[in-house]
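# turn this into a model:
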Amino acid sequence: MEQQRVRRLSLALNLQRQVVGVRFLYTWAEFQDSPLPQFRHRTRFCYMVMRASQGECLKSDLSNFGCGCAREALGLEPEDPTTTSGEMYYGCGLYASRAIAKQVQDEVVRIPQHIHGIEVGPLDQLEQADLVILVANAFQVMRIVQGYVHFFGVPKHLGMAGNQGVCSDLAARPFVKNDLNLSVLCAGTRRACKWGEGELGVGMPINLFAPVADGVLRTLNNIETPEAKDRILSNLTDPMELGFALDKSAYYGVTAKAWSDKRQEDTRRYAVFLAEHQAGKGSTSEE
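Residues are numbered from 1 along each chain as shown. Below is the predicted model:
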């Protein structure tokens, strides 16, 4: 699925991890019909995503989820009142008061319907996907945001709390809000998955992936430096592999100067026109 677009995005951003796809399996029958091998042990959802970012395709059901927060966030089991009330997190010492703990948990997004299981793997290897997750460095995440903004403007549903950084921030919130979200990840997933200190996460519903990826590509020539374009070119098998030619002379600073120069010239021409018009009126009145 989306093989060409995934490859182009990966080349354009020099991604070190694979773009991950997640598919929700709503019923036991869907889970049984999935051809993917099942995860063999209990672990975290974020660890499954990490494995997918390294090239593995797997499916998992409730028996594979060792993290209760992920089970609740992804709809595999009902919400625990001690979680939604904030009691558990307040008891862990994460928040200064019960009121803050409750407010945070009210804003942490969980999928409200029942999900039986999931498929997770590289997006270009999944036949279907509901979500796209990328873990990348800060510059690459910036470029993804620029690709989104190119078509949709400023994201309206960003939210994170430094906790449940993959299961809620990158899966549940993008799915429920039908919008892009960013995540600084969380201490648990950073320990379990050994993400790099500079890595961040981006999650989006599958319907946003094509325009966001296209937005990244459309803004590449105006954003990337000539040195970055040389690096991109060195990884291409064909100069047109991205679907367009890289232009090392293009940069939005240059474009902005050209626009500014034209604007100044237009202003000058208008001033000349007004002066001539006023002079013409003066001549007429004297006559």
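
# ok, V166 - contacts?
Contact partners of V166, counting by Cβ atoms under 8 Å, 6 or more residues apart in numbering, are F45, C46, V49, A70, I133, S183, L185, C186, T189, G201. For the C-beta atoms, the positions are set from N, CA and C on the backbone; glycine is no exception.

# do H116 as well
H116 makes contact with L25, Y26, T27, W28, E30, F31, D61, L62, L76, according to Cβ under 8 Å, 6+ apart.

# quick check, pLDDT for the fourth one.
Right, the one you point to is W28. W28 carries a pLDDT score of 97 in this model.

# before we move on, the earlier item: so which of the contacts of H116 sit within strands?
Members of the contacts of H116 lying in strands (criterion: DSSP state E): L25, D61.

# so the residue nearest in space to the middle of the chain, which of the three states?
With distances taken as Cα atoms, centre = their mean, the chain has V202 as the residue nearest its mean C-alpha position (3.1 Å). When the structure is split into helix, strand and coil by DSSP: H, G, I helix; E, B strand; the rest coil, V202 lands in strand.

# settle this for me: it is touching A171, isn't it.
No. Taking contacts as Cβ atoms under 8 Å, V202 lies outside contact range of A171: 11.6 Å.

# anything in contact with each of these two?
Common contacts of V202 and A171 (Cβ under 8 Å, 6+ apart): I133.

# for Q113, which non-adjacent residue is spatially closest?
Excluding the flanking residues, the one nearest Q113 by Cβ to Cβ, 6 or more residues apart in numbering is G75, at 5.6 Å.

# give me every residue that touches that neighbour.
F24, R110, I111, P112, Q113, H114, I115.

# so for it, what's the pLDDT?
According to the model, G75 scores 96 on pLDDT.

# hey, where'd the helices end up in this protein?
Using DSSP state H, the helices of the chain run over residues 3-13, 28-33, 45-53, 68-73, 81-84, 87-91, 98-107, 138-152, 173-177, 187-193, 206-218, 220-223, 226-235, 252-286.

# ok, which of these comes nearest E241?
Comparison of those against E241 by Cβ to Cβ identifies helix 3-13 as nearest, at 6.8 Å.

# pull the residues that contact that closest one.
Under the contact criterion Cβ under 8 Å, 6+ apart, helix 3-13 has outside partners 15, 18-19, 122-124, 136, 140, 143-144, 209-210, 213-214, 216-217, 220, 232, 235-236, 241-243.

# at 7 Å what do you get?
Residues outside helix 3-13 that contact it (Cβ atoms under 7 Å, 6 or more residues apart in numbering): 19, 123-124, 136, 140, 143, 210, 213, 216-217, 220, 232, 235-236, 241-243.

# ok, stretch 176-195 next?
Where contact means Cβ under 7 Å, 6+ apart, the residues beyond stretch 176-195 that reach it are 44, 46-47, 50, 109, 111, 135, 141, 148, 155-160, 162-166, 169-170, 173-174, 200-205, 208, 212.

# any of these buried? List them.
Burial by neighbour count, 16 or more other Cβ atoms under 10 Å: within the contacts of stretch 176-195 this picks out 44, 46-47, 50, 109, 111, 135, 141, 148, 155, 160, 163-166, 169-170, 173-174, 200-205, 208, 212.

# least confident secondary structure element in the protein?
Using mean pLDDT, DSSP states H and E, the weakest-scoring helix or strand in the chain turns out to be helix 252-286, at a mean of 73.

# let me have the helices of the chain in a markdown table, extended by distance to A129.
Putting those into a markdown table (distance: least, Cβ to Cβ, whole Å) gives the following:
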| stretch | distance to A129 |
| --- | --- |
| helix 3-13 | 11 |
| helix 28-33 | 14 |
| helix 45-53 | 11 |
| helix 68-73 | 18 |
| helix 81-84 | 27 |
| helix 87-91 | 31 |
| helix 98-107 | 26 |
| helix 138-152 | 17 |
| helix 173-177 | 11 |
| helix 187-193 | 20 |
| helix 206-218 | 5 |
| helix 220-223 | 24 |
| helix 226-235 | 25 |
| helix 252-286 | 32 |
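
# out of those helices, flag the one nearest Q128.
Taking the helices of the chain one by one with Cβ to Cβ, helix 206-218 is closest: 8.4 Å.

# before we move on, the earlier item: out of the contacts of H116, which end up buried?
With neighbours counted using 16+ other Cβ under 10 Å, those contain these buried positions: L25, E30, F31, D61, L76.

# from G66, how far off is the last one?
This means L76. When distances are taken as Cβ to Cβ, to the nearest Å, L76 and G66 turn out to be 12 Å apart.
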